[in-house]
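In: Any chance you could fold what I've pasted below:
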Amino acid sequence: MTTPAADTLQKVFKTLADPTRVRILRLLEQEELIVGELMDILSMAQSRVSRHLAILREAGLLSDRREGTFVAYRFVLPEDGLWCDAWLLARKSMAGDPTADRDDALLRRTLAGRKKRSDTGRSFFDAVGPEWDALRTVFGDDLLRARATTVLVPPRLRVADIGTGTGVLALELADLGLDVVGIDQSEGMLEAARRKSEASISHATGRVEFRNGDAHALPLEDDSVDAAFAHMVLHSLEDPGRAIGEMARVVRPGGQVILVDFLHHDHTWMEKDLGLLWLGFEPETLRDWIDTAGLETLRIEPFESDAKRDLPASFVASARKPDPDSARG
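Out: You can find the predicted model right below:
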């Protein structure tokens, strides 16, 4: 029979034996960071970073705090002397290590860029809300929107349009007979969406409502919609993986999550001119996020852009929330 001290010692060794977890704790000892920032610094996929964070959280080594549109994590050293002694030894072993020096340099770069990214985010969309319908044409998104809606057409379903903007997709889905909840964090966008809804002359058979809300913490109950759309939204979020997890939470078992966005690209002008936080996504990263959210990937279909417009290639991805009752049937 092992003693409590022996159990704690075994947990300490198991937790700190992984060099990636020690790197994460070094970073979080210095600064609160979100998942996306850790991914950039460590050059790791979201699923791997999240897995290590889950282990560290379970060990009682992390605190988390909601900060605007994301969750910030911080290292909290337990009062138990075993943890303190082990951490001092682990941290000392990283002194002068090239990997630790690289992590620190990237941390400084991340902190320097954080304010710029934040200022570019919400203020950008609040400012351009009334003109967004004209500005969004740079995305070539009329065709992309059509591709997204073809994935889910049956009427009488309740769907969520995440990052609804000026409500273009939400109103189109209502025209198809779907009941739509359009969600956006920008009041400027929502005001434009409501005006458009009130002014539109439509024979829509579906209802539409607009709610202020954060894509990382959707104002919807669990299992409350049949599908959730994120059309040209992920690239403007601090933590796309968390947002996909939220979409998975609110979708009913058997329901779908539809994602439309750019594939990874090098059009850096979009960061400044269009408020992008991410220059597109690799299919492998999307699959990792979808898997972590507990969804089953149905397809990730790439689409080349019009060469004349010099735009990045895009994708339409769809995933399904498993339905245990259906599986038993």
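
In: Next one: R102 relative to G81, how far apart?
Out: Remark: distance between R102 and G81 (Cβ to Cβ, to the nearest Å) = 31 Å. Backbone N, C-alpha and C define where each C-beta goes, glycine included.

In: Compare neighbour counts for these two and give me the winner.
Out: R102 (14 against 10; other Cβ atoms under 10 Å).

In: Contact partners for L190?
Out: L190 makes contact with G129, T164, G182, D184, F210, N212 under the criterion Cβ atoms under 8 Å, 6 or more residues apart in numbering.

In: Pretty sure the fourth one sits against P219.
Out: Spelled out, it's D184. No: here D184 lies out of contact with P219, judged by Cβ atoms under 8 Å, at a distance of 10.9 Å.

In: Find the residues that touch each one of these two.
Out: With Cβ under 8 Å, 6+ apart as the test, D184 and P219 both reach N212, G213.

In: Compare the two (neighbour count), which wins?
Out: Taking other Cβ under 10 Å, D184 and P219 do not tie; D184 has more neighbours (27 against 12).

In: ok, now which ones touch the more buried one?
Out: G163, T164, G165, L190, A193, F210, N212, G213.

In: Let me see the backbone angles for the second one.
Out: Its backbone dihedrals place T164 at phi -60, psi -20, with angles given as degrees, to the nearest 10.

In: got a pLDDT number for it?
Out: Predicted confidence (pLDDT) for T164: 89.

In: do the same with the fifth one
Out: As summarised for this prediction, A193 has a pLDDT of 85.

In: same question, the fourth one
Out: L190 is assigned 87 on the pLDDT scale.

In: ok, which stretches of the stretch 1-150 of the chain are strands?
Out: 62-67, 70-75 (DSSP state E, counting those that start in this stretch).

In: Looking at the first one now, give me its mean pLDDT.
Out: When pLDDT is averaged along strand 62-67, the result is 77.

In: How about the last one?
Out: Average pLDDT, strand 70-75: 82.

In: Just give the number of residues close to P98.
Out: 7.

In: Please read the previous query as pertaining to L53.
Out: Neighbours of L53 (other Cβ under 10 Å): 20.

In: who touches D288 in this structure?
Out: A45, Q46, S47, R48, G241.

In: and the two most separated of the residues you listed?
Out: R48 and G241 (11.1 Å; Cβ to Cβ).

In: Who has more neighbours out of the two?
Out: G241 (25 against 15).

In: separation between the more buried one and T285?
Out: 8 Å.

In: what sits in contact with each of those two?
Out: Q46.

In: In the stretch 101-250 of the chain, where is pLDDT below threshold?
Out: The model of the stretch 101-250 of the chain has pLDDT under 70 over residues 113-155, 200-204.

In: what residue is smack in the middle of the protein?
Out: The centroid of the chain falls nearest to P240 when counting by Cα atoms, centre = their mean (1.5 Å).

In: Check the gap between it and W278 for me.
Out: 7 Å.

In: One more: S63?
Out: Distance from S63 to W278, by Cβ to Cβ: 26 Å.

In: same check, this time on G182
Out: 22 Å.

In: And for V159?
Out: Separation of V159 from W278 (Cβ to Cβ) stands at 24 Å.

In: which of those two has more neighbours?
Out: Between V159 and W278, counting by other Cβ under 10 Å, V159 is the more crowded of the two (25 against 18).

In: element containing that one?
Out: Here V159, judged by DSSP states H and E, is contained in strand 158-162.

In: Contacts for that strand next, please.
Out: For strand 158-162, the external contacting residues (Cβ under 8 Å, 6+ apart) are 152, 167, 169-170, 173, 178-183, 215, 218, 220, 224-231, 233, 243, 247, 250.

In: Also stretch 9-16?
Out: Applying Cβ under 8 Å, 6+ apart, the external contacts of stretch 9-16 come out as T2, R21, V22, I55, L56, A59, L61, L82, W83, A86, W87, A90.

In: Turn those residues into CSV, including neighbour count and distance to K14.
Out: Shown next, in CSV, are those (neighbours: other Cβ atoms under 10 Å; distance: Cβ to Cβ, whole Å):
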residue, neighbour count, distance to K14
T2, 9, 14
R21, 20, 10
V22, 20, 13
I55, 16, 9
L56, 21, 12
A59, 16, 9
L61, 24, 12
L82, 14, 12
W83, 20, 12
A86, 18, 11
W87, 21, 14
A90, 18, 13
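
In: pLDDT check: weakest of those?
Out: T2 (54).

In: Out of the contacts of strand 158-162, which sit inside strands?
Out: Among the contacts of strand 158-162, the members found in strands (DSSP state E) are D179, V180, V181, G182, I183, V225, D226, A227, A228, F229, A230, H231.

In: doesn't R207 make contact with the first one?
Out: Yes: applying Cβ under 8 Å, one finds D179 in contact with R207, separated by 4.8 Å.

In: Neighbour count: these two, which is higher?
Out: Using other Cβ under 10 Å, the more surrounded residue of D179 and R207 is D179, with 18 against 11.

In: partners of that one in the sheet?
Out: R158 (DSSP bridges).
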